[in-house]
Structures are given as structure tokens and as C-alpha cells.
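>>> Quick one, what's the 3D model for this:
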Amino acid sequence: MKPVVSAMQAWSCVVISVFAIIILSILGGLYRNNHHEFVGGTEDPVDGNAVAGTVFTAVVIYAAFLVFCGLQGLLHLRENRRGAIALS
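Coordinates of the predicted model:
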């Protein structure tokens, strides 16, 4: 199987996805617990659980990106180990 994206794009996507999962998970947890900084002002959302559900949906999407990009990066590693010409 050949990689779809370049090695640099794959590993950049992995790093960005990891940071996005961490940051969005923290934000989702704060909204789920109705933290006063995020849910309580006049311009803030009323239902923190609904916002948390949307944020956790984004976490799942970033997790899918992480898996895809990680597999692309591993394909590049495997391809580099075999060399430029592979007979089998």
C-alpha cells in the first residue's frame, strides 16, 4: 500500500491532531461541568452540555485524523526501510 500524503504532511497532522485532542478535551470538560468562566455571562451559551457534545464530536474527528495520518507516517517509515526498489 502506498502513502497518500507526504511524510512531512503526515507527521505534521499527527502533531496538530494530538494538540487539538488535548485542548478540545479540556474545553469540552469545562463546558460539560458548566464552568463559570465559560457558561454564565450574558454572551455565553446557556446549555454547556450541548456545547460539550459538539466539542467532543470535534475530538472524535481529530482522533480519526490522528489514526489516518499516523498510518500514513508509518507507511512512509516502512517504505523507507525497504529502499527505493522493492521486488516483492
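>>> which helices and strands does the helix or strand hosting residue 74 pack with?
Secondary-structure assignment from DSSP states H and E places residue 74 in helix 48-82. Secondary-structure packing of helix 48-82 (3 or more CB pairs under 8 Å, 6 or more residues apart in numbering; DSSP states H and E): helix 7-32. (Glycine included, C-beta is placed from N, CA and C.)
>>> how big is the angle separating the helix it packs on from helix 48-82?
Computed by axes from the mean of the first three to the mean of the last three CA atoms, to 10 degrees, the angle separating helix 7-32 from helix 48-82 equals 160 degrees.
>>> Tell me the span between the first and last residue of stretch 34-50.
11 Å (CA to CA, to the nearest Å).
>>> avg pLDDT for it?
Mean pLDDT, stretch 34-50: 85.
>>> cool, and stretch 4-24?
Averaged across stretch 4-24, pLDDT comes to 95.
>>> for that stretch, which positions count as buried?
5, 10, 11, 13, 14, 17, 20, 21, 24 (16 or more other CB atoms under 10 Å).
>>> Could you dump the residues you listed into TSV and include distance to residue 57?
Shown next, in TSV, are the buried residues of stretch 4-24 (distance: CB to CB, whole Å):
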residue	distance to residue 57
5	24
10	24
11	25
13	19
14	20
17	15
20	13
21	12
24	10
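>>> Residue 70: which of the residues you listed is nearest?
The nearest member of those to residue 70, counting by CB to CB, is residue 14 at 5.4 Å.
>>> Quick check: the closest one touching residue 67?
No: taking contacts as CB atoms under 8 Å, residue 14 lies outside contact range of residue 67: 9.7 Å.
>>> so what's the residue lying closest to residue 63 once chain neighbours are set aside up against?
What sits nearest to residue 63 in space, not counting adjacent residues and going by CB to CB, 6 or more residues apart in numbering, is residue 21, at 6.2 Å. Contacts were defined as CB atoms under 8 Å, 6 or more residues apart in numbering; by that measure residue 21 touches 59, 62, 63, 66.
>>> if you set the cut-off to 10 Å instead, what comes out?
Residue 21 sits next to 58, 59, 60, 61, 62, 63, 65, 66 when contact means CB atoms under 10 Å, 6 or more residues apart in numbering.
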